[in-house]
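[1] Using only what follows, build the 3D model:
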Amino acid sequence: MRHHLVIAAIALPLLTPPRAVAQTTLQYRSPSGIEYRSQVDTGSVKRAQTALDADAANPQRYIDLGIAQSGVRQFREAIVTFTKGLAIAPNNALLLRWRGHRYLSTRQFDLAVADFERGARIDSTMYGIWYHWGIVRFARGDFNGAADAFGKALRNPPDGGELQGSIDWLWMSLSRAGRHAEAKALLDRKPDTTTVKNAYSQRIAMYRGLTPPERLLTPADTADVQMSTLNFGLGNYYLVKGDASKARAAFEQSIAAGGWPGFGFIVSELELRRPR
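    You can find the predicted model right below:
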């Protein structure tokens, strides 16, 4: 009898139902076939969905849910959410700004541009439209067009971090367009008066010669998007300085860091395929 009890005790864990496995979804497959997926929601998406369900006629609820989904890299789901919001508020420029941003995240550039164009017709002063449109133009090699977009974004940055981002991308765009005097004049004006520290402020310090290129990345830079962002800026800096070999190595490091939603990763992929 005691043997039967032991066997039963051993078998009990096998009868316990398995835990539900949290699901992630495919968001992007690189040209080399690498799959990048969403992260697991820890509650923010569920809470935003509950709020939307209770107030489904409010466009802001769609924005809130889409932003929550974006926070766990559910970019394709966010596109669906913003599209549903646009069905009830077709002239909401903020919904277009966010959906265009997520089309950019999933490398659907033509759809992103269509949303930015439409959004700019509705509200030509919206920072997020011009900033992200500038990213698409830069990615496509239209550096003069990118400089124009980032110049418009720089008129109305919402915070210090975005101010740094606009200055950084404007400097890169002007430099890649061969407008080096304008790029230098931009930094000489010292428009980055904010005390915010981020990847862009680190890169700007390198452009000014305050940080040697080999010291751009610090031991504190461990997050995937941060490392992809910094390595892309380093690669672009080397291109501007005429060192294509070091530029390529930096772009490769940007990809290796794995920060696939970051603009640096997105453009690094394209830079590695761009003819020199």
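
[2] CA only for contacts and neighbour counts going forward, please
    Will do.

[3] Tell me where the stretch 1-150 of the chain has strands.
    Ranges of strands in the stretch 1-150 of the chain, per DSSP state E, counting those that start in this stretch, are 26-29, 35-37.

[4] which outside residues touch the last one?
    Contacts to strand 35-37, defined as Cα atoms under 8 Å, 6 or more residues apart in numbering, come from residues 24-30, 73, 260.

[5] For that strand, list every residue counted as buried.
    36-37 (16 or more other Cα atoms under 10 Å).

[6] switch to numbering from 831
    Got it, the first residue is 831 from now on, which makes the last one we talked about strand 865-867.

[7] Give me the most central residue, the protein.
    Compute the mean C-alpha point of the chain, and by Cα atoms, centre = their mean the closest residue is G1092, 3.7 Å away.

[8] Run through the residues that contact the residue nearest to it when sequence neighbours are not counted.
    Distance criterion Cα to Cα, 6 or more residues apart in numbering; nearest residue to G1092, sequence neighbours excluded, is V1055 at 5.4 Å. By Cα under 8 Å, 6+ apart, V1055 lies in contact with 1087-1092, 1095.

[9] Distance from the helix or strand where V1055 lies to the middle of the chain?
    Using DSSP states H and E, V1055 falls within helix 1054-1070. Its chain's average C-alpha position is 14 Å from that of helix 1054-1070, according to Cα atoms, centre = their mean, to the nearest Å.

[10] Stretch 870-888 too?
    Offset of stretch 870-888 from its chain centre (Cα atoms, centre = their mean): 22 Å.

[11] So which of the contacts of V1055 wins on neighbours?
    Highest neighbour count within the contacts of V1055, by other Cα atoms under 10 Å: F1095, with 29 neighbours.
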